[in-house]
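K.L.:
My questions concern the predicted model and sequence given below.
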Amino acid sequence: MSYQPHPFSWAPAGGLRHASTDTRPRKGYPTGFVVATLCGYQLAAENTTLAWLWDKCPACNDKVHGRANTPTPHAVGAK
Ligand SMILES: [Zn+2]
């Protein structure tokens, strides 16, 4: 049982879709549910259809893809 789904979930909040590692209910974070976003904020989620059309938060997106603070292992000693 080593398979792990994404360790984060997307949570629309404050006009952007942020990522959060908070445990997400099966139907998503309910509106008003405060999540800790990867970009460092505590925001109340908005679980509405419209909210899912918002742009992704650039800072969260970078973290999700490991660009912010996780060095790529292959890059070490690759020069
Ligand atoms: Zn964010």
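P.N.:
That came in fine, so what should we check first? Numbering: from 1, shown residues only.

K.L.:
quick one: the strands in this structure?
P.N.:
9-13, 16-20, 34-36, 42-44 (DSSP state E).

K.L.:
what would the ones you listed look like in a markdown table with distance to residue 67 and mean pLDDT?
P.N.:
Heads up, the C-betas are built off the backbone N, CA and C, glycines and all. What follows is the strands of the chain, written out as a markdown table (distance: least, CB to CB, whole Å; pLDDT from 0 to 100):
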| stretch | distance to residue 67 | mean pLDDT |
| --- | --- | --- |
| strand 9-13 | 17 | 95 |
| strand 16-20 | 13 | 96 |
| strand 34-36 | 20 | 96 |
| strand 42-44 | 21 | 97 |
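
K.L.:
Mind checking these for the one nearest to the ion?
P.N.:
Nearest of the strands of the chain to the ion, taken as CB to the ion: strand 16-20 at 3.5 Å.

K.L.:
which helices and strands sit right next to that closest one?
P.N.:
strand 9-13, strand 34-36, helix 58-64 (3 or more CB pairs under 8 Å, 6 or more residues apart in numbering; DSSP states H and E).

K.L.:
Tell me what the most centrally placed residue in the chain is bridged to.
P.N.:
The residue lying closest to the centre of the chain (CA atoms, centre = their mean) is residue 19, at 1.2 Å. For residue 19, the beta-bridge partners are residue 10 (DSSP bridges).

K.L.:
List the contacts of it.
P.N.:
Residues near residue 19 by CB atoms under 8 Å, 6 or more residues apart in numbering: 8, 9, 10, 11, 37, 38, 57, 60, 61, 63, 64.
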